[in-house]
Each structure stands twice: as structure tokens, then as C-alpha cells.
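1. Sequence and predicted structure, then a few things I'm wondering about:
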Amino acid sequence: MRTFKNKFHTWEFQTLYVTDRAEAMQIVSSLDRSILYGLDIETAKHPDFKEHKQAGLCPRLSTIRLLQIFDGVGRSYVFDVWSIGFDVFIHFLKAGRFVAHNAVFEAQHIRYNGVPDINIGCSMLMSQLVHGAEFSPFEEDPEEEAEPDGLSRYTRTGHSLDAVTQRLFKVVVNKQNQLSDWSVEELSTAQITYAGLDAVLTYRCAKELLPKIKEYKLERHYKLLKDSQHVVAEMQLQGLPVDWKYHAELLKGWVAVKEKAATECKVFFGDTNLNSSKQMNEWLRTYFKDRPEVLQNWPRTTREQSITDFRKNGPKERAFTFVRTELGKYLQLPEIVALLNYKKFSKLVDTYGESLTKKRHPTTGNLHPGYTLGMTTTGRLSSRNPNAQNFPSDQEFRNMFKAPEGYELVVSDLAQIELRLQAEFSKDPVMCAVFKNGEDIYKQMASSLFKVPVEQVTKPQRKVGKVVMLALGFGMRSKKLGQYALNSGIHESAAFWEKAYKTYHSTFKVYSTWCDRMRDRATKLGYIETLLGKRRKLTKEQIYTAAPNTVIQGTAAELLLLAMLKCKQTCSDFATIVASVHDEVLLLVKKEDAPQAIECLSAAMCAAMVDLFPKAVSHKVADASAAVAWGDAKEEL
DNA sequence: TTGGGGGGCGCG
DNA sequence: AAAGCGCGCCCCCCAA
């Protein structure tokens, strides 16, 4: 063992670099299991995946080189896992309490190495929550101010360990060794002390932030996020199973249509780059030069131009936009039909072709979308690389995701969850009655709008009802409603939307009043909070729509996280959560376990509703079904 | 070559 | 008087 005396800020501590197995065993067995430890790991890429950019993040493509444990007093152990062996730490990791920065990363590696649900807090989650609560939104934009304390905008708003440390303690962290190579035989003293320091910093930040979590009443939400880290770790590790042969067939089809459309477009648009808004603006101007009234009414971008452009060229008129809803008005023109076709299929080819193939995992063959916890303003998860939350929803596309031989996918979704929450929060009698009686709220709305009995509402009419419920629920005005409805392919007169607006607000008077109460609250406090207490600061301009929306959307996000946790508790023996899409959860199970998983998942959704809204008019919020492919399972709901 | 902003669009 | 909200990814364009 080599020891170093270190000091950072006002903290003096010892870094103990341990390489001997017997010595490590002795140290680990002597560590008190009841206190909180700062924890960090450094990973080294597997030699076969040195070129793989994200290999260090993936437990299958890298291994844990160092495990750092800070005891909160004065000792930061840096264990060289390569020479010690990971098994030495398993019992301790199972029994202890830890905190790490971006702990999903640690949880994922440690889970893969045999400790599935380590008790670990996260100083990054704490920082995000506290930061969201702590400063008044009415302060001026820090970007406009001078930089009195030498902190960049990044360190004011970012949540990396160094940014958080700088913000809390006003000291600068030397980040030089952050991306150093942890696979070298002999680690340098600088590397070892850097590694040891990180465990100290995450501990210190957590100690500073935990009282603030309490102060701002963020405990319930924080607890939810802390537990949810394991759901995220599980999803990221398991990944989404893909039928790559099927994908290749789909892609072939997309490419064919795209190329055909491109050839057609060539005739009409010549060498104009169809993806370039600048060039398309030129084309539009020329094409309609004899019909100024068309150009007059053509929608334009909201911004005049980029700021840099403005500085350079001075003010300039706003550009035309090429949104599908506008283009859709000109379907009698062959050039527009060709253009729309090109846009649709180039999107598919560009986003879900080669780019998806490249993301195929080298050892599992799955896609492994990442999920971010605590990053969004409302508290939802977000997904990336690839984004599993915005895959086209048609059955053909979703069937690309297919369980392997002998397995099935179980899908469950929270039915009309945002509307249910509108009802529960406001206790609007009309909304509540609908859900209590298990009726269809979109049909009810359509019935009022078109003045027909509920039983006689047609499918297109129901669709209008749905658009009205969703758009007006958060404060859209009648003028925009018509434009918005076009996105769903609905054409109605301005007078119709005017009427719909009035009908909505007179039908749901109590809900409308609740929205106003949320706006008043946000205006008074400068922020609004979800059911479990996550705060979101709001500017005056945001309040009208975002205040009610944040409560609803944010609480729906909490409900889904809670449901996933409960699902994990009851079916972790035989099912794995593989995806989550805001109101939808996807499980992978052996075929024979599917019926049980369906039960568990829908029960978990209902149990979450009971937890958050014990007095809800209905707790039956979800259905589940199973099939080999995602699209087919969804279709059965 | 890289990074950021904007337009556009997919999902809930 | 007027106001959908929340994401991430693709391409283009421009500046450094």
C-alpha cells in the first residue's frame, strides 16, 4: 500500500493506494457498514474495443480498474481492482451506504459485476434538484452580468462534479486527469490522487446538498430518483432487442421510395438541395412570384435570424417555413407531393437507417438507448443514442423491436394519464365523472362539440375531441387551435374552433379555475412544484401555460417512475424492463412468464396511482399485453 | 475541422 | 391581448 497526504480546499485527507488482495480484504472487513461513503470508479476499455468511443461507459466493453471509497473522515482508499479482484468488495457493496456523482454509471457497472441494487445516492441528482429550487427566476440572466467570482456560465448551470464543487465551495478543480488512460499497468501518482479526490468531492458535495434537499422539501422526489437509478441502469444494460434482418428489409424499402421521390423532385426542383431551408426559400419565391398573395400568407419563421447573422448583415425579413401542415394545403401540385414524400422517407433513411445499424451493440446485438434521469425541467426521463422515445409509432416500424426466440415483450401504458391527473388535481366534477364511470373522455368532448349522443360519436369526431382536450388543457387559444389541429389532419372553420374553445372552458370550469390557481401560485412564488415536490422556476412569460403543464406532466412522470419501481419489485425474478416512453413500459420475459408479467405490470401501474392519489376516482389506469414484437403487443392494447 | 444555432419532425 | 408542454436527432449554415 502506498499512501499520500493530500489537501483540497480545507479538507485534509490521506489517499491510500491498495494493490494487494489480502490487504484489501482486511481493509474492507474493517470498514463500518453503517456510515455513508463517497464512491467512485474508473473504468478501462477492453483491449478489443479501444476504438469504440463509448466503450468506457459500457460494462461489457470495459472493466472496473479502480474503486475509490472515501470514509467521510480522512481516508480515501483507491483500490486497484485489477490486482485485487472485484469479489473482495461484493459483500461490502451490498451492505454499505454510498454516494457517487452520476451514480447511474457506478450502479450499472457494479450491477453488471454482481451487486444489482446497491444503496447509492447521487450528488448530481441532488445538485440538479437543489439548483432547480434555489435561485429566484426573477434574478437577471447571469449571462448578462459580469463574472465577479470568475465562474463561467457553465459552472453556474452545469452539474458535472467540478461544476458542482466550484459552485458550492468556490474552488476550482483541476480536471486534467479526468479522461486519462486507466488501462496502463503503472498508474501515475497524479492519476491515483485524482481518483481518490473524486470520492472525496462527491461526498463533500452530498453532505452540503442533503440538508438543502430537506430544506426545499425535495426528499420524496429525490428518493424516487435515487431508487429509479436502478431501473435506468437495468434498461441501459439490457437494451432493446432488434430483428436486424427485418430492419434491413424496411430500410431497403425506405431507400427505394426516397430515391424515387428524389428523382421526381429533380424534375421540379433541379439542383436545389431539398434539405436546405435557404435554397428552398429561393425556390418558393421564384415559384410563386406571380402569386404574391400566396407568399403573403405563407408562414414564416418566428425569429428574424441568428444573432451572429444579425450583427453581420443587419435586420432582414423572416424566412419561409416548410412545415408539413402548410405544404399539405398544396397537394394538387405534383412538386409538393414529391417533396413531402422525399421529406418523409429521407427522415426515415437518415435517422433510422445506417445510423441505427451503427448503434448495434458489438456483443449483445441490441440497441442500448441511454436514459437521463433528472435532466428535464418537468422530471421526465429523456432518451438518446438512439432516442427510444420518438420512434415512429406505426406497427410496421415498431415491429423492428422483437424479442429473441422463446421470449416476448410485454407492453403497458397509462391510459390518458395527463387527463386523469387534470381530473385528480382539480377535482373537476365533469372530468372525474368520466373517469369514475370508465367512460371515454375524448368521446364525451366530441359529443359536446358536435352535439350528438356519445354512442353516435364517429372516429374522426373523437379525434377532434382528443385534439381539443390536449391543446386546451394547458391554455392554447382558439386562434392557434385550428393550426394545431392541422397537424392531426383535421380541417375545421375558425368559427368551429372558437365555439370549441368556449365549450371546453364552460364544460370544465373547475379545471380551468385550478389552472388559474397554479398560475397565481407560480406568479407569487416564482416556481411551481410537482406532487412529490420537484420545483421548476418559471419566468413570467412561461407561467400561463407551463405552470399547469409542469404539475401535470411532472406528476405523470413521477407516477411512471414509481410504477416501474413497483414492477421491478414484483417481477425482477423473471422480467427485465427494457424501455420506457413517458406513459409506456416495455418488459422482456420468457414466453411462459408473459401472463404473469402482464398481471404484475398493470398491477404496478395501479399501485403507483394508489400511492400518489389514494382517493382517486379510479385506480385502474393501465392495461398490458404481450407479443413477440413491440408493434404487435401495442396493437393489442 | 469543430461547435452552436436554427428549422423541421418524430414521439408522449 | 396573447400564450401547448416536454424531449433528441438530422441536416444546413456560419464562424472560429
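-> Thanks, I have the structure now.

2. Walking through the stretch 451-600 of chain A, point out its strands one by one.
-> Ranges of strands within the stretch 451-600 of chain A are A:527-529, A:535-537, A:575-580, A:584-590, based on DSSP state E, counting those that start in this stretch.

3. Nearest to A:Lys5, out of those strands?
-> Closest to A:Lys5 of these is strand A:535-537 (CB to CB; 41.4 Å). Where C-beta positions appear, they are placed from N, C-alpha and C, glycine not excepted.

4. Count the residues that sit near the nearest residue in space to A:Phe401 that is not next to it in sequence.
-> Counting by CB to CB, 6 or more residues apart in numbering, A:Phe401 lies nearest to A:Trp630, which is 4.1 Å off, once chain neighbours are set aside. Residues near A:Trp630, counting by other CB atoms under 10 Å, number 26.

5. quick one on the thing from earlier: any chance of the strands of the stretch 451-600 of chain A in TSV, plus distance to A:Lys443?
-> Output for the strands of the stretch 451-600 of chain A, formatted as TSV (distance: least, CB to CB, whole Å):
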stretch	distance to A:Lys443
strand A:527-529	31
strand A:535-537	33
strand A:575-580	28
strand A:584-590	22
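
6. Quick one: name the residues of the stretch 451-600 of chain A near DNA strand B.
-> Within the stretch 451-600 of chain A, the positions near DNA strand B by CB under 7 Å from any atom of the strand are A:553, A:581-584.

7. can you tell me which of those are in helices?
-> In helices, defined here by DSSP state H, the members of these are A:Gln553.

8. Name the pair among the residues of the stretch 451-600 of chain A next to DNA strand B with the greatest separation in space.
-> Top of the distance list for those (CB to CB): A:Gln553 and A:Glu584, 14.9 Å.

9. higher neighbour count, the two?
-> Of the pair A:Gln553 and A:Glu584, A:Gln553 is the one with more neighbours under other CB under 10 Å, namely 21 against 17.

10. Need the per-residue pLDDT for the more buried one.
-> In this model, A:Gln553 is scored at 94, pLDDT.

11. what residues are up against it?
-> A:378, A:380, A:418 (CB atoms under 8 Å, 6 or more residues apart in numbering).

12. Quick check: of those residues, which lies closest to A:Asp48?
-> A:Arg380 (36.1 Å).

13. mind listing what's buried in the regular element (helix or strand) spanning A:Thr263?
-> Element membership of A:Thr263, judged by DSSP states H and E, is helix A:244-269. Of the residues in helix A:244-269, A:244, A:247, A:250-251, A:254, A:257-258, A:261-262, A:264-265, A:268-269 count as buried by neighbour count, 16 or more other CB atoms under 10 Å.

14. Ramachandran angles for the residue nearest the centre of chain A?
-> Central residue of chain A (CA atoms, centre = their mean): A:Ser382, 1.0 Å from the mean position. A:Ser382 adopts backbone torsions of phi -130, psi 170, taken as degrees, to the nearest 10.

15. OK, contacts around the nearest residue to A:Glu106 once chain neighbours are set aside?
-> What sits nearest to A:Glu106 in space, not counting adjacent residues and going by CB to CB, 6+ apart, is A:Ala100, at 4.5 Å. By CB under 8 Å, 6+ apart, the residues touching A:Ala100 are A:38-40, A:106, A:120-123, A:202.

16. how about the residues of the stretch 501-637 of chain A near DNA strand C?
-> A:542, A:544-546, A:549-550, A:553, A:582.

17. Write a ChimeraX command that selects only the buried members of those residues.
-> Selection of buried members from those for ChimeraX, criterion 16+ other CB under 10 Å:
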select /A:542,544,545,546,549,550,553,582
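
18. farthest pair in the residues of the stretch 501-637 of chain A next to DNA strand C?
-> By the measure CB to CB, A:Tyr544 and A:His582 form the most distant pair in these, at 23.2 Å.
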